[in-house]
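**Q** let's see this in three dimensions:
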Amino acid sequence: MSHLITIAANLVAIAVLVFGIYFPRHRHRDMVVAYLGINAGVLAIAAVLSSVDASVGVGIGLFGVLSIIRLRSDELSQRQVAYYFASLALGLLGGTEVAAYGVTLALMGAVLLALWIGDHPRLLGRYRAQVLTLDRAFLDERQLAAHLTALLGCPVRGLTVRRVDLVNDTTNVEVRYETALEAARAGHAAPPAPAPAARAAR
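**A** Numbers count the residues shown, from 1 in each chain. Take a look at the predicted model:
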């Protein structure tokens, strides 16, 4: 009976995660299919492992293999990775047969709460990150930071130079900056468009 409760709780939890948190915020339909599919698959495998004499190491190893296969097949953002592992965790929690199902329900709630808070638009919503390719080679990071501040019109809080091409006179940089208060109030508002002097890296 407890196993049926945890399975039902998983179905509710993954629905909340995907349709209540992720999709309304990001509108990425392809990832909805991935999250639902991986959750159902892990749930089924965890349920089978719980019904046979399998060691915990086998389950953990399977968890790692599934993660590696999916993450190597496509490039995911950090947010997508977080939701991806949350769907994996919910599937494992719901598919594993336990005596005290209350602990499983509490852990599922903790996973959902962590994603709801961690990905909330109002949590550090003024901070953005963007990868730019500038049509100028910068060897001095202080000059680069000043140039980016003027370009974006926002305070630069950090930057990582990925590549400097002295032949083609370009700089590829990941910049982390703080938007204006008005943009932060809009939640996931689009970051300011780069000036003609920069182009977003593909």
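
**Q** and the residue nearest the centre of the chain, what's its pLDDT?
**A** Closest residue to the average C-alpha location of the chain: R79 at 1.4 Å, with Cα atoms, centre = their mean. In this model, R79 is scored at 76, pLDDT.

**Q** can you tell me the helix or strand for it?
**A** helix 78-95 (DSSP states H and E).

**Q** ditto for L113
**A** Counting by DSSP H and E, L113 is found in helix 101-118.

**Q** after that helix, which helix or strand is next?
**A** In N-to-C order, the element after helix 101-118 by DSSP H and E is strand 127-134.

**Q** any idea how far that following strand is from the chain center?
**A** With Cα atoms, centre = their mean, to the nearest Å as the basis, strand 127-134 stands 17 Å off its chain's centre.

**Q** and the angle for it with helix 78-95?
**A** 130 degrees (axes from the mean of the first three to the mean of the last three Cα atoms, to 10 degrees).

**Q** sheet partners, orientation included, of strand 127-134?
**A** Paired with strand 127-134 in the same sheet, following DSSP bridges, are strand 170-178 (antiparallel), strand 198-200 (antiparallel).

**Q** so where's this protein shaky on pLDDT?
**A** Along the chain, the model assigns pLDDT under 70 to residues 1-2, 48-76, 181-202.

**Q** let me know the outermost residue of it.
**A** Farthest-from-centroid check, the chain (Cα atoms, centre = their mean): V167, 35.5 Å.

**Q** SS state for it?
**A** coil (DSSP: H, G, I helix; E, B strand; the rest coil).

**Q** phi, psi for it please.
**A** phi -70, psi -50 (degrees, to the nearest 10).

**Q** distance of the nearest residue to A180 once chain neighbours are set aside from L148?
**A** For A180, ignoring the flanking residues on the chain, the nearest one in space by Cβ to Cβ, 6 or more residues apart in numbering is C154 at 6.9 Å. For every residue, glycine as well, the C-beta is placed using N, CA and C. Separation of C154 from L148 (Cβ to Cβ, to the nearest Å): 9 Å.

**Q** compare the two (neighbour count), which wins?
**A** Shown here are C154 and L148; by other Cβ atoms under 10 Å, L148 has more neighbours (25 against 20).

**Q** show me what counts as buried in the helix or strand hosting the more buried one.
**A** Assessed by DSSP H and E, L148 sits inside helix 141-152. Across helix 141-152, burial judged by 16 or more other Cβ atoms under 10 Å covers 144-145, 147-148, 151-152.

**Q** just the C-alpha atoms of it, please, in CSV.
**A** Extracted C-alpha coordinates of helix 141-152, given in CSV (Å, rounded to 0.1, in the frame of the first residue of the first chain):
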residue,chain,number,x,y,z
GLU,A,141,40.4,42.4,-17.9
ARG,A,142,39.9,45.8,-16.3
GLN,A,143,39.5,47.4,-19.8
LEU,A,144,37.2,44.6,-20.8
ALA,A,145,35.0,45.1,-17.7
ALA,A,146,34.8,48.8,-18.4
HIS,A,147,33.9,48.2,-22.0
LEU,A,148,31.2,45.7,-21.1
THR,A,149,29.8,48.1,-18.5
ALA,A,150,29.5,50.8,-21.1
LEU,A,151,28.1,48.4,-23.7
LEU,A,152,25.4,46.8,-21.5
